[in-house]
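Enquirer: please find the sequence and the predicted model below.
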4 protein chains.
Amino acid sequence: MAVAPRRVGAENSATRALILDATEQLIREEGYASVSTRRVAARAGLKPSLVHYYFPTTDDLLLAMSRRGAEESDRMIDEALRSDDPLRALWRYLADPSRIAVALEFMALANHRKAVRVHMAGHCEAMREREVAIFRKALGERLAAAEGIAPEGLSVILAGIGRALVMEGGLGVTAGHDAARAFVEQWLDRLAPAVTQDGHDT
Amino acid sequence: MAVAPRRVGAENSATRALILDATEQLIREEGYASVSTRRVAARAGLKPSLVHYYFPTTDDLLLAMSRRGAEESDRMIDEALRSDDPLRALWRYLADPSRIAVALEFMALANHRKAVRVHMAGHCEAMREREVAIFRKALGERLAAAEGIAPEGLSVILAGIGRALVMEGGLGVTAGHDAARAFVEQWLDRLAPAVTQDGHDT
Amino acid sequence: MAVAPRRVGAENSATRALILDATEQLIREEGYASVSTRRVAARAGLKPSLVHYYFPTTDDLLLAMSRRGAEESDRMIDEALRSDDPLRALWRYLADPSRIAVALEFMALANHRKAVRVHMAGHCEAMREREVAIFRKALGERLAAAEGIAPEGLSVILAGIGRALVMEGGLGVTAGHDAARAFVEQWLDRLAPAVTQDGHDT
Amino acid sequence: MAVAPRRVGAENSATRALILDATEQLIREEGYASVSTRRVAARAGLKPSLVHYYFPTTDDLLLAMSRRGAEESDRMIDEALRSDDPLRALWRYLADPSRIAVALEFMALANHRKAVRVHMAGHCEAMREREVAIFRKALGERLAAAEGIAPEGLSVILAGIGRALVMEGGLGVTAGHDAARAFVEQWLDRLAPAVTQDGHDT
DNA sequence: AATGAATGAGATTTCATTCAT
DNA sequence: CATGAATGAAATCTCATTCAT
């Protein structure tokens, strides 16, 4: 007996993208808990049935969102890696409210959806490796020598501080934020003196 | 216009505490999104109506939970302040999975419930001040002198790293965690040499 | 076996009056359908249980309201009867938005509560008789002679027109209202020439 | 922001009509306050969810009822207009217990539901205009000349008297009803001498 | 590829009422 | 007199999902 096809809508359908866009909008504005077939459909101006046609279950939809978010995050980090100043580009990404806020929604979502949790765990580790690549490229051996910290640890720390700034910022709390930001920047300066316009260290 | 009494059951009722306990259990095991009158009642072995008697709206219940959590967190931090080694006691608290995981649920919840958000924002700032008190007591002027960071900034950073460890740990991700932990501990050692059993510096 | 006392609170209690006042306010502002033990209690700043103490069932409360309204209406009509110009005083009452709007709420309520219906029916007939007394006093035999209408019929007609004006006015509809009002006033003028300040016909 | 489709079931669905029929029955027998998803569904022999499928909110259902009632009333009045004796056909309609009782329920309902109120207000004014058309056709200029009343005023008066008869009849009150009815009929006779079988005035 | 109909579950809240104190 | 606790019923609405077309 043939197994029912899991995803019916084509992977590259415009409607499919429309649904994902509407879902992202919803998550951004009202949090992941507001994602439901109906609400997404209303946002996208489609019928609820059509959402089900592309994403048979809500898990499918959320997992697709999680995947899409992960891909975008990969793209951002790769861009950082190719930039002149990968370290600071990474830090900008890790403290960017608009992106990290959505990532935090997925973290919270991961607590409630096993499929999302599994995917997020995988992506989180992959991201760590990408970030380690950035540190190696930007810092070479200076890192361990100077600060006695493995690049994986640095990745945890920067991600944590960035998320703290975004999370608390979302609550309207800002006490200590400038100080924390300044500290990270000083630290980065010590690790990798800022790159000037013409590519030489200052 | 007369204001309807908001909290119905007495503040010190045993039933009220039972409901809050059941709610906390639920949040811990299945996340805040699983909190509903029905589920809480089932956990507590009560009728849903009784939950509504004590907490007319779900907001009331969640807000009460948020308050109770905040009080407990205050207690923990005050305890740390009074301990022999406040700095490390604070860090242990900030990276304690069992407590911070619940705090993270409330952070996520704050995105969806205005009443909780307002309360969390207030508490987050109050906590920062309490932590600053700890830093001042433990480090005196050594802090700014040695590391060039305001105590508020240090609070943001340690909270962020602690939350990162707990959050990722919840996903099953541990890469870099030992390194990050070691880094913080080294840092604390540099700031405030560890206290020995008999109370003298090493 | 003794029958449980039906009304527990004393008839002349201040609390009892407070409850009735709050109920009237509610009916006036939000309609009879909004009357519930809880809402009334909230309005009056009392506990719901206390409302039940005075009015064991909602029927008791609504019936008491109906009675109180009837008594007030009786008082108004008697006042009209004793006035210099009973006919016009009656018409003013029958087209008075503030009073008739509440009376209409009770008419609607009567459809849903047997106890209220029975009471309203009785009061409606009693009112008719009172109004007939007014017509007899004001018009004597001129009525039947001039218009060929029994006073009971006149009561029906004036009440109907008055209620139409109030009812439609509540909807914001006013087309034809001035004309209808003018017609009634002309009619009254024909029946009973207006009384001047010094009590003589013009 | 995309607007969610408000009415879900097709306008001409048999199920939709079934639900409206059940609702009308309920209103007729137990008053508008008894309309609830459950009760309507039980009447119609459907599941409550299906009622919600066609009428997402109770407002939608009641508004649809109001509209349907208005359409029927329009039809009745147009029929009166086309009849041999439009004036008396209109009066028969305005004093027809079975129809006006439901209309009164909607009037009462309008006090509690904004959407219904708005619709009723519009319909009430439209009805006035239709009735004015009847008066003009039936009476021509005789109206103002003979009675000194604008047709709009006459509409208010007849509607008010008709409603009074139905309203009080519902309570079981009949005192003065025959007299009022006779008065209106005399009046109509004076205004427009009754049409005989062969179309000539008597 | 898309859609309308239907359904069962459950979340949230309001309610009237009873009971013991 | 008055109140706190408790409860069962029901109203309103949202949801995910299935199915037939």
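Expert: Yes, it's here.
Enquirer: who does the strand or helix carrying residue A:185 touch, helix- and strand-wise?
Expert: Residue A:185 is part of helix A:177-191, with elements assigned from DSSP states H and E. On a contact count with 3 or more CB pairs under 8 Å, 6 or more residues apart in numbering or on different chains; DSSP states H and E, helix A:177-191 meets helix A:86-94, helix A:142-147, helix A:151-171, helix B:151-171. Quick note: C-beta positions are derived from backbone N, CA and C, even for glycine.
Enquirer: state the next helix or strand along the chain beyond the first one.
Expert: Following the chain from helix A:86-94 toward its C-terminal end, the next helix or strand by DSSP H and E is helix A:97-110.
Enquirer: worst mean pLDDT among the helices and strands packed on helix A:177-191?
Expert: Confidence, taken as mean pLDDT, is least for helix A:142-147 of those (a mean of 69).
Enquirer: pull the helix or strand with minimum mean pLDDT from chain A.
Expert: For chain A, counting by mean pLDDT, DSSP states H and E, helix A:142-147 ranks last in confidence among helices and strands (a mean of 69).
Enquirer: how many neighbours does residue A:118 have?
Expert: The burial count assigned to residue A:118 is 15, neighbours taken as other CB atoms under 10 Å in any protein chain shown.
Enquirer: any idea which element it lies in?
Expert: Taking DSSP H and E as the criterion, residue A:118 maps to helix A:114-139.
Enquirer: which strands or helices does that helix pack on?
Expert: Where contact means 3+ CB pairs under 8 Å, 6+ apart, helix A:114-139 is packed against helix A:58-82, helix A:86-94, helix A:97-110, helix A:151-171, helix B:151-171.
Enquirer: show me what counts as buried in that helix.
Expert: A:116-117, A:119-121, A:123-125, A:127-128, A:130-132, A:134-135, A:138-139 (16 or more other CB atoms under 10 Å in any protein chain shown).
Enquirer: give the rounded mean pLDDT of that helix.
Expert: Model confidence over helix A:114-139, given as mean pLDDT, is 93.
Enquirer: so how far is that helix from its chain's centroid?
Expert: Offset of helix A:114-139 from its chain centre (CA atoms, centre = their mean, to the nearest Å): 10 Å.
Enquirer: quickly check: it near DNA strand F or not.
Expert: No: contact of helix A:114-139 with DNA strand F (CB under 7 Å from any atom of the strand) is absent, the minimum separation being 11.2 Å.
Enquirer: okay, stretch A:174-193 in CSV with CA atoms only?
Expert: Only the C-alpha atoms of stretch A:174-193 are listed here, as CSV (Å, rounded to 0.1, in the frame of the first residue of the first chain):
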residue,chain,number,x,y,z
THR,A,174,18.0,48.5,28.7
ALA,A,175,20.0,48.9,32.0
GLY,A,176,23.6,47.8,31.4
HIS,A,177,23.1,47.3,27.7
ASP,A,178,25.5,50.0,26.6
ALA,A,179,28.1,48.7,29.0
ALA,A,180,27.7,45.1,27.8
ARG,A,181,27.9,46.2,24.2
ALA,A,182,30.9,48.3,24.9
PHE,A,183,32.6,45.4,26.6
VAL,A,184,32.1,43.1,23.7
GLU,A,185,33.4,45.7,21.3
GLN,A,186,36.5,46.3,23.4
TRP,A,187,37.0,42.6,23.5
LEU,A,188,36.7,42.3,19.8
ASP,A,189,39.1,45.2,19.4
ARG,A,190,41.6,43.4,21.5
LEU,A,191,41.2,40.2,19.6
ALA,A,192,41.1,41.6,16.1
PRO,A,193,42.0,45.2,15.7
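Enquirer: coming back round to it: redo the helices and strands packed on helix A:114-139 as TSV? Include mean neighbour count and distance to residue D:172.
Expert: Formatted as TSV, the helices and strands packed on helix A:114-139 follow (neighbours: other CB atoms under 10 Å in any protein chain shown; distance: least, CB to CB, whole Å):
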stretch	mean neighbour count	distance to residue D:172
helix A:58-82	17	57
helix A:86-94	21	79
helix A:97-110	20	63
helix A:151-171	23	64
helix B:151-171	23	70
